[in-house]
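Novice: Have a look at this prediction, sequence included:
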Amino acid sequence: MGLFLTSAFLLVLGYFIYGVVVEKVFDIRIDHKTPAVIYTDGVDYMPLSPWRVFLIQFLNIAGLGPVFGAILGALYGPVCLFWIVLGSIFAGGVHDYLSGMISMRYKGRTLSYFVEIFLGKKFCIFFLSVLVILLLIIGSIFAKTPAMMLSNLIGMDFIWWLLIIFSYYFLATMLPIDKIVGKFYPFFAAMLLLATVLLISALFMGGYEFYPNLMTLNQNPTGKPIFPLMFITIACGALSGFHATQSPMMSRCLTNEKYGRPIFYGAMILEGIVALVWATLSIAFFHGTEGLNEALGPSGNAGKVVSLISEGLLGKYGKILTVSSIVLLAITSGDTALRSARLSLADFFKIKQQKMSNRLFLSVLIFAFAMTLAFVDLNKIWLYFGFTNQMLATIMLWIGALYLKRKGRFYLIALLPAIFITSVCGTYLGYSELMLRQDLNTSVIIGLVITAFVTVGFFALSKKYR
């Protein structure tokens with residue numbers, strides 16, 4: 001219990017100490033007019049109250065990651081808490097803050113625009129293609145998963161649920177941000193936070209031993225190595241490239257740069273707390289990683305684990321609340337993924353979005369592909385999501401470091417996590433059975449070589465900003 005409380009305290013402390021450091025390094029301008037004020041269009045650029053933007057941002061970035069990712073990451077034991085805490089403070093919070101604030105400085109534009117101005121047009125075309133495909137896959141998966149969960153929880157055929165969710169997606173993607181997202185997302189976020197508080201409170205009162213075998217470093221029953229796998233498995237609860245596609249949406253709704261720290265950095269810290277809770281629940285409820293591994297089964301069914309924990313701790317109605325909040329997590333991240341795809345394409349092709357016809361054109365195109373993907377077996381493709389997601393985070397951190405260096409700021413706050421996560425992705429590239437399938441030692445060497453190459457490239461590229 002002490003480790004849990006200490007970890008939660010450190011996350012909060014990180015917001016008030018390191019978050020302030022990051023804010024000062026970036027050098028906010030409280031008298032600087034934001035894109036929401038300058039470019040108000042009644043659709044995507046729209047001033048919203050800070051508390052509303054915070055809850056929307058939190059729900060947008062969360063998705064299933066801080067729940068499912070934390071559950072799977074908990075297989076490594078309490079060591080996963082160190083990545084959740086340190087990752088959220090020194091990597092995820094920095095990543096999310098820079099992706100949101102740099103977007104505000106560049107008219108609220110999306111991640112692909114940053115890639116173009118910092119890494120070049122040719123790389124941007126490749127990047128945009130990969131990004132849009134990834135967002136379409138996320139939208140499709142985050143429609144299928146809740147449709148299956150709702151079908152099991154409430155009944156009604158899976159196909160009907162899928163059609164209902166996609167119909168909602170279409171409206172949420174195309175309509176002005178205050179019509180659906182602005183009105184309902186804060187309520188959905190409150191549901192998730194309520195379920196989280198109830199679950200950890202029930203664990204406290206149930207007298208569970210939080211972390212059996214606390215002194216054992218790697219408790220993964222299958223013997224999988226912590227590095228690099230744990231850092232790929234736990235993404236949204238510590239560091240996630242998906243967040244860089246979401247923060248620019250909220251940068252178009254902020255009325256002052258002083259709100260950047262509580263909204264971008266703060267939402268990441270709150271997500272880290274949610275991941276901390278679910279990792280703890282997973283270890284404690286099943287009395288260690290062996291029991292968790294058995295509950296997950298051969299397919300790693302995290303949804304089953306959610307149902308078992310929520311019903312075991314909160315009963316039937318608590319299970320309905322928890323599962324419903326997680327279903328909403330998936331749905332709300334799915335629709336904002338597709339909204340981000342629309343905005344990314346609109347930015348790149350310079351298609352103004354005030355006109356309904358322009359939004360309709362892009363939305364129909366996006367949904368034609370997303371709905372087609374829903375009837376395709378994406379399981380093998382989805383296995384690459386963790387790697388691709390952390391690669392997106394790597395790119396954003398390198399861009400953040402370039403931006404800060406260009407401005408003469410203390411760029412190490414972005415450079416150091418960029419170097420670390422590059423080594424993670426490089427090692428995973430060598431080690432993963434999906435990729436090069438090398439032994440761990442060889443994979444680490446591959447990771448270090450890639451990291452060295454990219455770091456040299458960073459300093460070579462940054463010379464032109466002097």
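Specialist: In hand now; what should we look at?

Novice: use CA for all of it now, contacts and neighbours both
Specialist: Fine.

Novice: so where's the longest helix in this protein?
Specialist: helix 302-349 (DSSP state H).

Novice: In whichever helix or strand comes after that helix, which residues are buried?
Specialist: Going down the chain from helix 302-349, the next helix or strand is helix 356-373, by DSSP states H and E. For helix 356-373, the neighbour count (16 or more other C-alpha atoms under 10 Å) marks 359-360, 362-363, 366-367, 370-371, 373 as buried.

Novice: Ok, stretch 258-266 next?
Specialist: 259-266.

Novice: And the buried residues of helix 356-373, which is closest to Ile164?
Specialist: Of all the buried residues of helix 356-373, the one with the least separation from Ile164 (C-alpha to C-alpha) is Met371, at 11.9 Å.

Novice: who are the neighbours in contact with that closest one?
Specialist: 140, 166 (C-alpha atoms under 8 Å, 6 or more residues apart in numbering).

Novice: For it, give me the pLDDT.
Specialist: pLDDT recorded at Met371 is 88.

Novice: tell me the angle the longest helix of the chain makes with helix 356-373.
Specialist: Following axes from the mean of the first three to the mean of the last three C-alpha atoms, to 10 degrees, one obtains 140 degrees for the angle between helix 302-349 and helix 356-373.

Novice: I'd like the mean pLDDT over helix 302-349, please.
Specialist: 90.

Novice: ok now that helix, how far from the chain's centre?
Specialist: Distance of helix 302-349 from the chain centroid (C-alpha atoms, centre = their mean, to the nearest Å) equals 12 Å.

Novice: Repeat that for stretch 213-231.
Specialist: Relative to its parent chain, stretch 213-231 has a centroid offset of 22 Å by C-alpha atoms, centre = their mean.

Novice: Please apply the same query to stretch 456-464.
Specialist: 28 Å.

Novice: Might you report the residue contacts of Tyr97?
Specialist: Tyr97 touches 260-261, 264-265, counting by C-alpha under 8 Å, 6+ apart.

Novice: Torsion angles phi and psi at Leu131?
Specialist: Main-chain dihedrals, Leu131, degrees, to the nearest 10: phi -60, psi -50.

Novice: any low-confidence regions in this protein?
Specialist: Along the chain, the parts satisfying pLDDT under 70 run over 378-383, 464-466.

Novice: how about the strands in this protein?
Specialist: Assigned strands in the chain: none (criterion: DSSP state E).

Novice: mind checking how far Ala302 is from Leu392?
Specialist: Per C-alpha to C-alpha, to the nearest Å, Ala302 is found 24 Å from Leu392.

Novice: Check the separation of the first and last residues in stretch 82-91.
Specialist: 13 Å.

Novice: from the chain's centre, how far out does it sit?
Specialist: Centre to centre, stretch against its chain (C-alpha atoms, centre = their mean), the figure for stretch 82-91 is 13 Å.

Novice: Please spell out which residues along it are buried.
Specialist: For stretch 82-91, by 16+ other C-alpha under 10 Å, it's 83-91.

Novice: And stretch 187-204, by the same measure?
Specialist: Using 16+ other C-alpha under 10 Å as the test for burial, stretch 187-204 gives 188-189, 191-193, 195-196, 198-200, 202-203.

Novice: Could you dump those into TSV and include distance to Met101?
Specialist: Formatted as TSV, the buried residues of stretch 187-204 follow (distance: C-alpha to C-alpha, whole Å):
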residue	distance to Met101
Phe188	25
Ala189	23
Met191	28
Leu192	26
Leu193	26
Ala195	31
Thr196	29
Leu198	34
Leu199	34
Ile200	33
Ala202	38
Leu203	38
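
Novice: now, which of the residues you listed lie within helices?
Specialist: Counting by DSSP H, the buried residues of stretch 187-204 place 188-189, 191-193, 195-196, 198-200, 202-203 in helices.

Novice: So which of the buried residues of stretch 82-91 belong to helices?
Specialist: Per DSSP H, helices hold the following members of the buried residues of stretch 82-91: 83-87.

Novice: I'd like to know which of the residues you listed is nearest to Phe158.
Specialist: Nearest member of those to Phe158, counting by C-alpha to C-alpha, is Ile84, at 34.1 Å.

Novice: thinking again about what came up before, and of the buried residues of helix 356-373, the nearest to Phe127?
Specialist: Ile366 (17.2 Å).

Novice: Now do the contacts for the closest residue in space to Tyr208 that isn't next to it in sequence.
Specialist: Excluding the flanking residues, the one nearest Tyr208 by C-alpha to C-alpha, 6 or more residues apart in numbering is Ala284, at 6.1 Å. Contact analysis of Ala284 by C-alpha under 8 Å, 6+ apart lists 208-212.

Novice: what's the distance between Lys89 and Glu271?
Specialist: Rather than Lys, residue 89 is Ile. Ile89 is 11 Å from Glu271, by C-alpha to C-alpha.

Novice: and what of Leu13?
Specialist: For Leu13 relative to Glu271 (C-alpha to C-alpha), the value is 15 Å.

Novice: Show me which of those two is the more surrounded one.
Specialist: Shown here are Leu13 and Glu271; by other C-alpha atoms under 10 Å, Glu271 has more neighbours (26 against 14).

Novice: Just confirm the more buried one contacts Gly65, I think it does.
Specialist: No: if you go by C-alpha atoms under 8 Å, Glu271 and Gly65 don't touch, sitting 9.3 Å apart.

Novice: Overlap in contacts, the two.
Specialist: Among the neighbours of Glu271, those also in contact with Gly65 (C-alpha under 8 Å, 6+ apart) are 236-237.

Novice: Which stretches in the stretch 1-150 of the chain count as helices?
Specialist: Assigned by DSSP state H, counting those that start in this stretch, the stretch 1-150 of the chain shows helices spanning 2-26, 35-38, 50-62, 70-73, 79-87, 93-105, 111-119, 121-153.

Novice: could the ones you listed go into JSON lines alongside distance to Ser307?
Specialist: Output for these, formatted as JSON lines (distance: least, C-alpha to C-alpha, whole Å):
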{"stretch": "helix 2-26", "distance to Ser307": "22"}
{"stretch": "helix 35-38", "distance to Ser307": "41"}
{"stretch": "helix 50-62", "distance to Ser307": "19"}
{"stretch": "helix 70-73", "distance to Ser307": "12"}
{"stretch": "helix 79-87", "distance to Ser307": "22"}
{"stretch": "helix 93-105", "distance to Ser307": "30"}
{"stretch": "helix 111-119", "distance to Ser307": "36"}
{"stretch": "helix 121-153", "distance to Ser307": "10"}
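
Novice: now for the ones you listed, which one comes closest to Tyr431?
Specialist: Per C-alpha to C-alpha, nearest to Tyr431 of these: helix 70-73, 17.6 Å.

Novice: Show me the contact partners of that closest one.
Specialist: 80, 230, 233-234, 237, 275-276, 278-279, 282, 300, 302.
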